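> Sequence and computational prediction follow.
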Amino acid sequence: MALPKISEVRNLSDAEISEEIAAVKRQLFELRMQQATRRLEKTHEFKHKQHRLAQLMTVEGERVRAASSAAQTTTPV
């Protein structure tokens, strides 16, 4: 299974990104619970979920910074 591409994340809307972040965080929690109870079989899923979360948070941060810089440039001094 290949790691997800960031281009897929860039095509999502802001609301979809927020929902996806919450879902991935929930999945990571479930993976940690499975690991703690020794029911986790696919340990590589941690890497995939963390990678996906990093992508989502990166794109979200880029959009926030772009929106704030656009707001600052349109505001007259």
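Yep, that arrived. Numbering: from 1, shown residues only.
> For the closest residue to Met57 other than its chain neighbours, give me its contacts.
Nearest residue to Met57, sequence neighbours excluded (CB to CB, 6 or more residues apart in numbering): Ile21, at 6.6 Å. The way it works is simple: take the backbone N, C-alpha and C, and place the C-beta from them, glycine included. Going by CB atoms under 8 Å, 6 or more residues apart in numbering, Ile21 touches 53, 56-57, 60.
> So which of those residues wins on neighbours?
Using other CB atoms under 10 Å as the neighbour test, these are led by Leu56, with 24 neighbours.
> do you know how far that residue is from Arg10?
According to CB to CB, to the nearest Å, Leu56 and Arg10 sit 10 Å apart.
> go on, Ala2?
Per CB to CB, Ala2 is found 17 Å from Arg10.
> which one of these two has more residues nearby?
Legend: neighbour count by other CB under 10 Å for Ala2 and Arg10, higher for Arg10 (13 against 5).
> Would you agree that one is in contact with Thr58?
No: applying CB atoms under 8 Å, one finds Arg10 not in contact with Thr58, separated by 9.9 Å.
> what about the longest helix in the chain?
Across the chain, the longest stretch assigned as helix under DSSP state H is helix 44-74.
> For that helix, name the packing helices and strands.
Packing contacts for helix 44-74, counted by 3 or more CB pairs under 8 Å, 6 or more residues apart in numbering; DSSP states H and E, involve helix 6-10, helix 14-36.
> Right, I'll leave it there.
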